[in-house]
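In: only geometry, no sequence info:
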């Protein structure tokens, strides 16, 4: 029994010996930007190592963790989140600001694709809508009618985005999102 056990251990050692003798595989990026996998050092191939254990250069800054994303409690916070999403060309971030209740899978995917295309355009303006009835024309109004103080602007229920147009005319493209309060947060709702 001891002889059989020793023979088994000896066989396992012989079988594992070639694996120990092999050089580790190096993951490099070549001068043309393509990935290179080799058993030689990356410098021998004039490539840059992508080894996670490689030390970053002294000129690089440590990566900062992404900011904690909280839901928007105010229209200003929602507006700033949309601006940040456009600044980073991040369609997923913009989609994260939307309320998707009632959307089917296909409709949600189609809307996210359209948001991705929208993110490629520069954001020109972003403001809450100020839809109020047009002011009366003063020339036809009775000059002796009692004046009433102007009503305060209604609470905004839409966020209006103006992006650069894609038709070459120079006219901006307007897109309106409804603002919905749900679970203590403000969310965007596609108004199409």
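Out: Nice, I can see it. Computed from a prediction, not measured in an experiment: that's the story for all the values here.

In: so how far is the single longest strand found in the chain from its chain's centroid?
Out: When the chain is parsed with DSSP state E, its longest strand is strand 173-182. Remark: strand 173-182 is offset 18 Å from the chain centroid, using CA atoms, centre = their mean, to the nearest Å.

In: so where is the chain shaky, pLDDT-wise?
Out: Residue ranges of the chain with pLDDT under 70: 16-23, 51-69, 130-156, 192.

In: mind redoing it with 80?
Out: Applying pLDDT under 80 to the chain flags residues 1, 8, 10, 12-23, 31-34, 51-70, 129-156, 165-171, 191-192.

In: about what we covered before: and the helix or strand immediately after the longest strand of the chain in the chain, what other elements does it pack with?
Out: Beyond strand 173-182 on the C-terminal side, the first helix or strand identified by DSSP states H and E is strand 185-190. In terms of contacts (3 or more CB pairs under 8 Å, 6 or more residues apart in numbering; DSSP states H and E), strand 185-190 is packed against helix 75-87, strand 173-182. All C-beta atoms are positioned from the backbone trio N, CA, C, and that covers glycine.

In: looking at those, which is closest to residue 129?
Out: strand 173-182 (6.9 Å; CB to CB).

In: Just checking: what are the partner strands of the closest one?
Out: Strands adjacent to strand 173-182 in the sheet, as given by DSSP bridges, are strand 158-163 (antiparallel), strand 185-190 (antiparallel).

In: what's next to it, contact-wise?
Out: With CB atoms under 8 Å, 6 or more residues apart in numbering as the test, strand 173-182 has contacts from 75, 78, 98-99, 101, 118, 121, 128-129, 156-166, 186-191.
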